[in-house]
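Novice: Just the structure for this:
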Amino acid sequence: HQQTFLNQLREITGINDIQVLQQALKDSNGNLELAVAFLTAKNAKVPQLEEATYYQTALPGNDRYISVGSQADTNVIDLTGDDKDDLQRAIALSLEESNRAFRETGITDEEQAISRVLEASIAENKASLKRTHPEVWSDSPNPYDRKRQDNCPVGLKNVGNTCWFSAVIQSLFNLLEFRRLVLNFNPPANAQDLPRNQKEHRNLPFMRELRYLFALLVGSKRKYVDPSRAVEILKDAFKSNDSQQQDVSEFTHKLLDWLEDAFQIKAEEERDGEKPKNPMVELFYGRFLAVGVLEGKKFENTEMFGQYPLQVNGFKDLHECLEAAMIEGEIESLHSENSAKSGQEHWFTELPPVLTFELSRFEFNQALGRPEKIHNKLEFPPILYLDRYMHKNREITRIKRDEIKRLKEYLTVLQQRLERYLSYGSGPKRFPLVDVLQYALEFASSKPVCTSPVDDLGASAPASGTLPPQIPPSTTEQQGPSSSDVPSTSPVQRSVIHKPFTQSRIPPDLPMHPAPRHITEEELSVLEGCLHRWRTEVENDTRDLQESISRIHRTIELMYSDKTMVQVPYRLHAVLVHEGQANAGHYWAYIYDHHQNRWMKYNDISVTKSTWEELERDSFGGYRNASAYCLMYINDKEQYLIQEEFNKETGQILVGMDTLPSDLRDYVKEDNKRFEKELEEWDAELAQKAQQEKLLSQIPRAPAPSPAPVQAGEPEYLEQPSRADISKHLKEDSVQAINKALAEQEDRGPEAIMDTGQSNSKVHLETVYNSYGVHI
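Specialist: So this is what the prediction gives:
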């Protein structure tokens, strides 16, 4: 698990120093997001927060966020110890920096701050982020750590910046119809005459390796499998080395092209005078009709599409992106007879069973001269109704679009009116009008209570100070201050009395709080009645405006909810997520298990259960530097896309190895045998080690010399003989035994020497070996 995090940190940050990565992971207590922040903020330490608090701090309107930047470098607090005071000081420091940043910039979004730090770090370390050395997952030496548990999905090993490969392949593999097409693909019968060109030379071997890979994902006993052979073929096509991160959209385009070419070869071979049908085209490609006006001339043309690109910047949800993509230019000019303006509409005429949206989250920054990632939040639904974009519904959709446009214009007017009620005034500070009227009512109803300011000063004087008796205003004005009456040691008296006459002159009576000085009961009654009535009117108007705005919002939201516009449902099948920046990052996928009705997270070798809430957090964007990069929807009415296979004779559902063709079943069995042999070798090695340890534990220890007296409290240590020492002693004793036998029999004949010498030597050797616990 730790190794998985380390590899992800390497991919996201581009740092290859294992000690730095381990320290960051340790300081963040295993929290991957905080570890990334530590590494990209020049090792700045921030206090550890609970996960719930971490995401809560990034919510809009929350001015408490984790500040990551240069300020943190100058105030580092060691949190590795157990001192709670350090933790409190660290939290206080973080809040202080956050508030200061908020006051200076007005930005409170945590991820915007982290994004700026990441971009600065990328600019400074461009060379390291290009990854001159590929990152490869390290296998555990214990094969049981790599053993598949029950029927858990199989992961894919990262063989060097190949998380993009894993995310796309897993999304397609879990599409059961696509899986069946790949597994049941048979090379053309005239394969011996192929390849006839470079394309076939590349596509057919890749299809073979993809079949093998899919077969292992179905029936392997391993927790994850190695896709190196398929990846090696892809590298040549991308014309890049394994140290470069590939783009998911680029790879998906390339993959579909290859699969289309491979199936086209097979389709051309099987056609009977008819135009060959390519299953990849039928599965992933659709058509739309472009209707428009170009320089006053109308045109219509049909185009085919695979992945449908959508702009993210400036939109809040997927429908807004689609609306913008379906309309270009001046839409009004399309319906007018005489117009020189240009514009066009797109209408889907044929939707593919698998509809893939490519979210354009990268744009090139001309000022900085490098690409940047767009972190804006973009929501998308689990069920997407596409009726409003179909050509057959174009007239209804146009009517609804015009109605929505009219409602939005009216909505803008209402919002402007409401703003005048909620932010009233002509100065820099504005207040809700209902509050202004309430303040005026409170002012009008106040009764003036006049007292001398000197009385207030005496009431608020400290206990240790003394004030002189109150001087009547007339005396003060006529005679002026007297030095004999006012002690020079009283600072309060100096500040009140010893000032020039023009500055110390105090009005005889002032109201304690603002209140009207001259108002009759009749005037007050009329004014209070008006203010009460006006306040009630403003409250009613504000409420009516708010209700009207809410009602218009609901009308717009439900505009396409009538029965005629919910006939083309598409269900979200997979979400490909990218975390990082434009030129560095990590990919993983959320894939919906249609039979278990749950989301699964596929992150290279790790496959875990997930939830829609986790998917939202990682995919919508806006709060973190992770966001969806590709959305895969499937037609919810086409059940064959996710339907299991059945045995035609028994009607039973086919699972696991039973779904594989015979050649792939044999291939998987051979790989499983190799893995089982690896498990057996591991067990044998452990048994051998256990036997050796048991053998060593049975060897009697040599009598140790009388130990020297030791001081109280010091433990006595007895050295355990090593295997090398035992072997040396055995050899020496064996040589001594043989020499002794030869010396005793040197006066006897050769045969006697051989008989008795061998016997005595054997007995002596047995004695020697037995003394060491070794039986021969």
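Novice: how close does Cys171 get to Asn635?
Specialist: Careful, residue 171 is Ser and not Cys. Relative to Asn635, Ser171 is positioned 16 Å away (C-beta to C-beta, to the nearest Å). Backbone N, C-alpha and C define where each C-beta goes, glycine included.
Novice: The two: who's more crowded?
Specialist: Neighbours were counted for Ser171 and for Asn635 using other C-beta atoms under 10 Å; Ser171 has more, 24 against 18.
Novice: distance of the more buried one from Gln581?
Specialist: Ser171 is 23 Å from Gln581, by C-beta to C-beta.
Novice: Same check on Ala626?
Specialist: With C-beta to C-beta as the criterion, Ala626 and Gln581 are 11 Å apart.
Novice: Can you name every helix or strand that the host helix or strand of Ala37 contacts?
Specialist: Remark: Ala37 resides in helix 32-40, with elements defined by DSSP states H and E. In terms of contacts (3 or more C-beta pairs under 8 Å, 6 or more residues apart in numbering; DSSP states H and E), helix 32-40 is packed against helix 2-13, helix 18-27, helix 110-124.
Novice: ok, now which ones touch the spatially closest residue to Thr252 that is not a sequence neighbour?
Specialist: For Thr252, ignoring the flanking residues on the chain, the nearest one in space by C-beta to C-beta, 6 or more residues apart in numbering is Val168 at 5.5 Å. Applying C-beta atoms under 8 Å, 6 or more residues apart in numbering, we find Val168 in contact with 248, 251-252, 255, 576, 589.
Novice: Endpoints of stretch 605-619, how far apart?
Specialist: 20 Å (C-alpha to C-alpha, to the nearest Å).
Novice: any idea which strand is longest in the chain?
Specialist: Ranked by residue count under DSSP state E, the longest strand found in the chain is strand 569-581.
Novice: List the neighbouring strands of the helix or strand just after it plus their orientation.
Specialist: Of the helices and strands lying after strand 569-581 in sequence (DSSP H and E), the nearest is strand 584-593. With DSSP bridges as the test, strand 584-593 is paired with strand 569-581 (antiparallel), strand 598-603 (antiparallel).
Novice: Mind giving me the packing neighbours of the helix or strand harbouring Trp534?
Specialist: Taking DSSP H and E as the criterion, Trp534 maps to helix 521-557. Applying 3+ C-beta pairs under 8 Å, 6+ apart, we find helix 521-557 packed against helix 394-422, helix 433-445.
Novice: can you give me the angle the longest one makes with helix 521-557?
Specialist: Using axes from the mean of the first three to the mean of the last three C-alpha atoms, to 10 degrees, the inter-axis angle of helix 394-422 relative to helix 521-557 is 160 degrees.
Novice: what helices or strands is helix 394-422 leaning on?
Specialist: Helix 394-422 sits against helix 433-445, helix 521-557, with contacts defined as 3+ C-beta pairs under 8 Å, 6+ apart.
Novice: CSV please, covering those helices and showing mean neighbour count, mean pLDDT and distance to Pro569.
Specialist: Listed next are the helices and strands packed on helix 394-422 as CSV, based on neighbours: other C-beta atoms under 10 Å; pLDDT from 0 to 100; distance: least, C-beta to C-beta, whole Å:
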stretch, mean neighbour count, mean pLDDT, distance to Pro569
helix 433-445, 16, 88, 46
helix 521-557, 13, 92, 17
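Novice: what comes into contact with stretch 595-611?
Specialist: For stretch 595-611, the surrounding residues in contact (C-beta under 8 Å, 6+ apart) are 4, 7-8, 137, 152-158, 163, 166-167, 170-171, 223-224, 588-593, 612, 614-615, 642, 644.
Novice: I only care about those residues that end up buried; give me the PyMOL line for that.
Specialist: This is the PyMOL syntax for the buried subset of those, where burial follows 16 or more other C-beta atoms under 10 Å:
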select buried, resi 4+7+8+137+153+154+155+156+157+158+163+166+167+170+171+223+224+588+589+590+591+592+615+642
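Novice: who's in contact with the helix or strand that Glu250 is a member of?
Specialist: If you go by DSSP H and E, Glu250 is part of helix 248-270. Applying C-beta under 8 Å, 6+ apart, the external contacts of helix 248-270 come out as 164-165, 167-168, 172, 181-182, 185-190, 194, 199-200, 202-204, 206-207, 234, 237-238, 276-281, 284, 306-307, 356, 358, 576, 578, 587, 629-630.
Novice: among the residues you listed, which ones are buried?
Specialist: Counted by 16+ other C-beta under 10 Å, the contacts of helix 248-270 give 164-165, 167-168, 172, 181-182, 185, 187-188, 200, 202-204, 206-207, 234, 278-281, 284, 306-307, 356, 358, 576, 578, 587, 629-630 as buried.
Novice: Please state the backbone phi and psi of Gln307?
Specialist: Note on Gln307: its backbone torsions stand at phi -80, psi 130 [degrees, to the nearest 10].
Novice: related to what we said a few turns ago, out of the helices and strands packed on helix 394-422, which gets nearest to Phe348?
Specialist: helix 521-557 (22.0 Å; C-beta to C-beta).
Novice: Would you confirm that Gln567 contacts Leu386?
Specialist: No: counting by C-beta atoms under 8 Å, Gln567 does not reach Leu386; the two are 9.4 Å apart.
Novice: Comparing those two, which residue is more hemmed in?
Specialist: Between Gln567 and Leu386, counting by other C-beta under 10 Å, Leu386 is the more crowded of the two (20 against 13).
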